[in-house]
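[1] Sequence below, structure please.
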Amino acid sequence: MSEQIKDSVEAALDLNEKEVYAHIAHESAEDIIRIISSLDAERAKVHGEVIYYRDDWDDLIRQRIAKGKRHTAFDFYNPSLLDIWEDKVHEAKRIKRITKAAYAALATVIAIAVVASILTRGAYVILSLTLLPWVIFIRRYAMDKLDIIYYELTQFFIDELKMLMEKHDLNPESYRFKLFSGDYFGVSIRKSGTAIYAVIEASDSGGNG
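    The predicted structure is shown next:
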């Protein structure tokens, strides 16, 4: 379980209106950059990269949704995105379940063929090897589908962060976040050694720089 995202409502009650907005905007941005990094870490794992990242992206999103509902009065939550998030999360989990079930089924068939070959001295094991291309197909299918889902989810939160910064005059340089991929829109990529970091790009119309 990831570290809990602290709630800001109680702290915000003691502040004046301007400070309330500044306080929640800052905290919302901090929440979102953690979600972006954890999602992209999960995407990198799909491609076989060894990533050590402690945040649980699913848990972070659900904390963000729960907090956002409390912030509705301050307009720091976009409920129209809730269905998009939920659909993508459910789809990713469904693909993982189907992939595991398919691997298990193929492994069972191959094991039965091996046993049958031993008992009957037949060539069932050779016939079972014809199933191996299906293993490759299932793996590629799952990787492609999960890559798209994690990419879209990450891009959604990048777009939300950009809108938050433009609306509440946040300095993008104060909210750098770690990325493991470099193909997202609306971000400026910075490299430090082998690590990739990003900041939200300023809008052409005069956003924050």
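[2] secondary structure class for the most centrally placed residue in the chain?
    Computing the C-alpha centroid of the chain and ranking residues by Cα atoms, centre = their mean puts Leu39 first, at 2.3 Å. Following DSSP: H, G, I helix; E, B strand; the rest coil, the label given to Leu39 is helix.
[3] and it, what does it touch?
    Neighbouring residues of Leu39 by Cβ atoms under 8 Å, 6 or more residues apart in numbering: Trp57, Tyr150, Leu153, Thr154, Phe157. C-beta here means a position set from N, CA and C on the backbone, and glycine is covered the same way.
[4] if I look at the first one, how far off is Glu160?
    Here Trp57 is placed at a distance of 14 Å from Glu160 (Cβ to Cβ, to the nearest Å).
[5] more crowded one of the two?
    Neighbour count, other Cβ atoms under 10 Å: between Trp57 and Glu160, Trp57 has more, with 25 against 19.
[6] Just give the nearest non-adjacent residue to that one, would you?
    The shortest distance from Trp57 to any non-neighbouring residue, by Cβ to Cβ, 6 or more residues apart in numbering, is to Ser38 (3.8 Å).
[7] Could you check the pLDDT of Asp144?
    Looking at Asp144, its pLDDT stands at 93.
[8] what about it, which SS state?
    Three-state secondary structure (criterion: three-state DSSP) places Asp144 in helix.
[9] what's the closest non-adjacent residue to Glu201?
    Closest residue to Glu201 apart from its sequence neighbours, by Cβ to Cβ, 6+ apart: Ser188 at 5.0 Å.
[10] by contact count, what packs against whichever strand or helix holds that neighbour?
    Assigned by DSSP states H and E, Ser188 falls within strand 187-192. Identification of packing neighbours for strand 187-192 by 3 or more Cβ pairs under 8 Å, 6 or more residues apart in numbering; DSSP states H and E yields strand 195-200.
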